[in-house]
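>>> only geometry, no sequence info:
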C-alpha cells in the first residue's frame with residue numbers, strides 16, 4: 001500500500017486501535033480517524049474520504065464490521081479485516097464481502113504491512129484490468145520489493161515466473177535477510193490464487209504447546225481454555241496460499257501432522273471428530289540445510305521430499321555484487337525522505353567499501369545499516385560506512401580483499417561460544433544463553449551439536 005494513503009481504523013477497543021494508529025503513522029501512513037461503531041465510521045468516511053478502511057468485526061452498537069463492509073462495497077471503498085474472531089460462520093460472511101485481506105489478532109507488524117502491500121497490488125491490478133507481470137516487482141514498495149538486475153536475481157525471477165501460475169509446492173532456500181518472504185509474496189501475486197488469502201506462518205515463533213491449535217485450529221472445549229472454536233492458519237488459507245516461514249524449526253511431531261495435510265489435503269482440528277477438506281498451495285522457506293537436518297534426524301525425509309518439489313535458492317547479497325549500488329541508492333533515497341534528512345549520495349569510497357563487504361546479514365543488514373547511517377549523517381554525501389562490530393574487530397574495512405573472510409557458520413559458532421562463556425554454560429532460564437540468543441533450547445542444542453561445541457569449550 002502506498003505511503004500517504006489515508007486510512008480509517010474501525011475498532012471498538014481504543015488501546016488496540018491506538019496501537020494500530022501509531023504503527024501505521026510510524027511507517028508513513030496517514031490515519032484519518034478511529035471509529036468504534038458503524039455510524040461513527042460512516043460520518044468519518046463522509047468528511048475525510050479515506051483510501052482504505054481497516055475494520056474489526058464486532059463493534060459497538062447493533063451493526064457489525066460485516067454490515068459496514070457491505071456499505072463500503074457500494075461506495076467502492078477498499079477495506080481489510082483485522083479481527084480475533086475466527087468463528088466459521090462469521091468467516092464465511094466475511095469472505096462474501098470480498099475484503100482485500102484478513103489478518104487475525106494478535107499479529108506481527110511485518111504481517112500487517114505484508115497484507116497492506118498485497119491489498120494494494122490487488123487493487124492496482126484490478127484498476128488496470130490486467131494480469132500482474134514479473135516486471136512489476138521492481139515498482140513495489142519497500143516492504144515488498146526485489147531490486148536489481150544481476151544474473152543471480154534474474155535467474156530467481158525466471159523461476160518465480162515459471163512456477164507461480166501452478167499449484168506446485170515451492171521451497172525457498174537461502175540465508176536470513178535475502179528476501180525469501182518477498183519471493184513468497186511474488187509467487188502468490190503471480191498465481192491464479194492471488195484473489196484468495198496469503199497466510200504467513202512463522203514456524204519458529206509458535207510455542208510447541210500451541211503449534212497444532214495455531215496451524216489446524218481447535219473445537220470448543222478441546223482443552224482447558226478453549227472456550228470457542230478457533231480456525232487454524234491452514235483453514236484461513238483455504239483457496240489461497242500458506243507461507244510456512246522457517247520450516248526447519250518445526251518440531252518433529254508437527255512435521256508428521258503437516259505431512260498428512262500435504263498428502264490428504266485435509267486437516268484435523270484439535271478435539272474435532274471429522275477431518276476438514278482444504279485447498280491450499282504450500283510455499284515453505286528455510287535458512288537451514290534441510291538435507292543435513294534430515295541426516296541428523298531433525299527433519300523428516302518424506303516431508304522434505306514433499307516440500308522440495310520446486311526449490312528456489314535465493315542468492316546472498318555477496319553473490320549479487322552488481323545489485324549492491326542500486327540497492328544502496330534505493331535505501332538511501334527512501335530513508336532520506338522518511339527521516340527528512342538532506343542526504344543525497346554515497347562517495348566512491350563508501351560504495352567501494354560496500355562492494356567489498358561480505359554482508360553476512362544480506363539485504364536486511366544493508367537496509368538497517370543505511371537507515372542508521374542516514375540518521376547519523378551530517379553532510380549530503382556519505383563518505384564512511386560503520387559496519388558491524390564483528391567486522392571492526394576481525395577485519396579492516398579498507399582492506400577486505402587481502403584477508404580471509406570467515407564463513408557464516410564460523411561467525412555463528414564463535415558467537416554462540418562467546419554467549420556460553422558469558423553465561424558460564426547456563427543454557428536456559430533468566431540470564432541463560434537461549435534468552436540472549438532468542439532461540440529455543442532445542443535449537444541451541446542442535447546448533448551446539450552441529451558445530452561440535454561441548455562442555456569443555458566453555
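Noted; the coordinates are in hand. In this text the structure is predicted, and so the values were computed from the model without any measurement.
>>> ranges for the strands of the chain?
6-10, 30-35, 52-55, 79-83, 102-104, 170-173, 198-202, 241-245, 266-267, 276-277, 281-286, 310-313, 345-346, 381-382 (DSSP state E).
>>> export these to JSON lines and tack on distance to residue 154, mean pLDDT and mean neighbour count?
For the C-beta atoms, the positions are set from N, CA and C on the backbone; glycine is no exception. Conversion of those to JSON lines gives the following (distance: least, Cβ to Cβ, whole Å; pLDDT from 0 to 100; neighbours: other Cβ atoms under 10 Å):
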{"stretch": "strand 6-10", "distance to residue 154": "35", "mean pLDDT": "93", "mean neighbour count": "23"}
{"stretch": "strand 30-35", "distance to residue 154": "36", "mean pLDDT": "92", "mean neighbour count": "19"}
{"stretch": "strand 52-55", "distance to residue 154": "33", "mean pLDDT": "92", "mean neighbour count": "25"}
{"stretch": "strand 79-83", "distance to residue 154": "33", "mean pLDDT": "87", "mean neighbour count": "22"}
{"stretch": "strand 102-104", "distance to residue 154": "33", "mean pLDDT": "75", "mean neighbour count": "19"}
{"stretch": "strand 170-173", "distance to residue 154": "17", "mean pLDDT": "94", "mean neighbour count": "23"}
{"stretch": "strand 198-202", "distance to residue 154": "24", "mean pLDDT": "91", "mean neighbour count": "22"}
{"stretch": "strand 241-245", "distance to residue 154": "23", "mean pLDDT": "94", "mean neighbour count": "24"}
{"stretch": "strand 266-267", "distance to residue 154": "38", "mean pLDDT": "88", "mean neighbour count": "20"}
{"stretch": "strand 276-277", "distance to residue 154": "39", "mean pLDDT": "89", "mean neighbour count": "14"}
{"stretch": "strand 281-286", "distance to residue 154": "20", "mean pLDDT": "95", "mean neighbour count": "25"}
{"stretch": "strand 310-313", "distance to residue 154": "13", "mean pLDDT": "91", "mean neighbour count": "16"}
{"stretch": "strand 345-346", "distance to residue 154": "24", "mean pLDDT": "94", "mean neighbour count": "18"}
{"stretch": "strand 381-382", "distance to residue 154": "29", "mean pLDDT": "93", "mean neighbour count": "16"}
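>>> make JSON lines out of these and add distance to residue 258.
Formatted as JSON lines, the strands of the chain follow (distance: least, Cβ to Cβ, whole Å):
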{"stretch": "strand 6-10", "distance to residue 258": "35"}
{"stretch": "strand 30-35", "distance to residue 258": "38"}
{"stretch": "strand 52-55", "distance to residue 258": "31"}
{"stretch": "strand 79-83", "distance to residue 258": "26"}
{"stretch": "strand 102-104", "distance to residue 258": "19"}
{"stretch": "strand 170-173", "distance to residue 258": "13"}
{"stretch": "strand 198-202", "distance to residue 258": "11"}
{"stretch": "strand 241-245", "distance to residue 258": "8"}
{"stretch": "strand 266-267", "distance to residue 258": "10"}
{"stretch": "strand 276-277", "distance to residue 258": "15"}
{"stretch": "strand 281-286", "distance to residue 258": "9"}
{"stretch": "strand 310-313", "distance to residue 258": "17"}
{"stretch": "strand 345-346", "distance to residue 258": "45"}
{"stretch": "strand 381-382", "distance to residue 258": "46"}
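>>> residue 417 is nearest to which of those?
Across the strands of the chain, residue 417 has its closest neighbour in strand 281-286 (24.1 Å, Cβ to Cβ).
>>> who are the packing partners of that closest one?
In terms of contacts (3 or more Cβ pairs under 8 Å, 6 or more residues apart in numbering; DSSP states H and E), strand 281-286 is packed against strand 170-173, helix 180-189, strand 241-245.
>>> distance between the last one and the chain's centre?
Distance of strand 241-245 from the chain centroid (Cα atoms, centre = their mean, to the nearest Å) equals 10 Å.
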